[in-house]
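Novice: The following block contains a protein sequence and its predicted model.
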Amino acid sequence: MVEGLRGWTRPDMGRPTRFVMVRHGQTADSVRHLFSGSGGTDPELTELGHRQAQQAAQRVQESVAPGDFSVLFASPLRRTQQTAQYLAESLDLPVVTDDRLRECDFGEWEGYTMGEVLERYPTDAAAWMQDPECVPPGGESLAAVRRRLQSFREDVTAQFGGTNVLMVSHVTPIKSLLWEGLGKVDTVFYRLFLDLASISVAEFYRDGGSTVRLVNYGGGVVS
C-alpha cells in the first residue's frame, strides 16, 4: 500500500475529520499587497471584503446540509472575526476563537510589500523564501506557525473527530493544514496561491492518513 494514500484507500478507517478552511475577505492591506500578520495593525474588512465574506458564507452553506458542521473556529484578528460572523449567521453556529489560528507574525516586515522587503532585507528575505525555519527580524517562522496548527488540528481531531470542522483563518495557517494534508511538502508555502475569501478542504483520518479535497475555491469573486 502506498503510504501517502492510506487514509482514503482503507474502508475500515471510518469517517475522517474534515477541515473546511475559509480565508478572510479583503482588507486595505491586501489591496496594497502588504505583509499583514499578527504583529501589524489588525486591519478590518473593506466594503468589498464584507461582500466577499458574505459570498463565502453562501458558498459554504450551499455545499452542505444545515447542521453538518460541528463547530466554527476563527482567528482572533479582526478581519477573520468579521468574516466568521457571516458564516456564523448563515449556519447558526457560535464563533469559537482560537489564538493558534492567527496569521504569522512577520516582525519588521509588517506593512511592507514583498518588493520592499527584498530591497530592505535582501539576505533575510532570500533565506525566508527557501527555509520555513527562517525567522523574519522580530517575527515568527513559517515552521512555528506550522507547529501551532498541528497542535490545533490534533486537539480539534481529538474532540470533534469524524465531523466537519469549519475554520476562518489566514494564508499561512491554512497552508499549514494543506502542507500536512499533502504529505508535508514545503513548496506549499511558496508556490500555492490562496485568494481572499477562498475555501479549501483537507481531511485527516485516525490512522494518520490525509486527503486534500479542495484548494482555493471561489476566492476573490463577488457576483
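Specialist: Looks like it came in fine.
Novice: buried ones in the helix or strand harbouring residue 153?
Specialist: Element membership for residue 153 (DSSP states H and E) is helix 142-160. Neighbour counts over helix 142-160 (16 or more other Cβ atoms under 10 Å) mark 142, 144, 145, 146, 148, 149, 150, 152, 153, 156, 157, 160 as buried. Placement of C-beta: from N, CA and C, glycine included.
Novice: cool, and stretch 43-54?
Specialist: Within stretch 43-54, the residues that qualify as buried are 43, 44, 45, 46, 48, 49, 50, 51, 52, 53, 54, counting by 16+ other Cβ under 10 Å.
Novice: Need the contact partners of it.
Specialist: For stretch 43-54, the surrounding residues in contact (Cβ atoms under 8 Å, 6 or more residues apart in numbering) are 24-31, 36, 78-79, 82-83, 85-87, 196-197, 220, 222.
Novice: Now do it: distance to the chain's middle.
Specialist: 17 Å (Cα atoms, centre = their mean, to the nearest Å).
Novice: Now do it, average pLDDT.
Specialist: Throughout stretch 43-54, pLDDT has a mean value of 98.
Novice: now stretch 165-180
Specialist: In this model, stretch 165-180 has an average pLDDT of 98.
Novice: Over to the residue nearest in space to the middle of the chain. Which of the three states is it?
Specialist: Relative to the mean C-alpha position of the chain, the nearest C-alpha, by Cα atoms, centre = their mean, is the one of residue 174, at 2.1 Å. Under DSSP: H, G, I helix; E, B strand; the rest coil, residue 174 falls in the helix class.
Novice: Any idea which helix or strand in this structure has the lowest mean pLDDT?
Specialist: Each helix and strand of the chain was given a mean pLDDT (mean pLDDT, DSSP states H and E); the minimum falls on helix 6-9 at a mean of 49.
Novice: Check whether the closest residue to the residue nearest to the centre of the chain other than its chain neighbours sits in a helix, strand or coil.
Specialist: Closest residue in space to residue 174, ignoring its immediate chain neighbours: residue 21 at 4.6 Å, by Cβ to Cβ, 6 or more residues apart in numbering. In three-state terms, and counting by three-state DSSP, residue 21 is strand.
Novice: any idea of the pLDDT on residue 21?
Specialist: Among the per-residue scores, residue 21 holds a pLDDT of 98.
Novice: Sketch out the low-pLDDT regions of this protein for me.
Specialist: Under the criterion of pLDDT under 70, the regions of the chain flagged as low confidence span 1-13, 64-67, 222-223.
Novice: where do the helices sit along it?
Specialist: Taking DSSP state H to define them, one finds helices in the chain at 6-9, 28-31, 47-63, 78-91, 114-120, 122-128, 142-160, 171-181, 187-191.
Novice: List of residues touching the second one?
Specialist: I take that to be helix 28-31. Under the contact criterion Cβ under 8 Å, 6+ apart, helix 28-31 has outside partners 36, 40, 41, 43, 46, 49, 111, 196.
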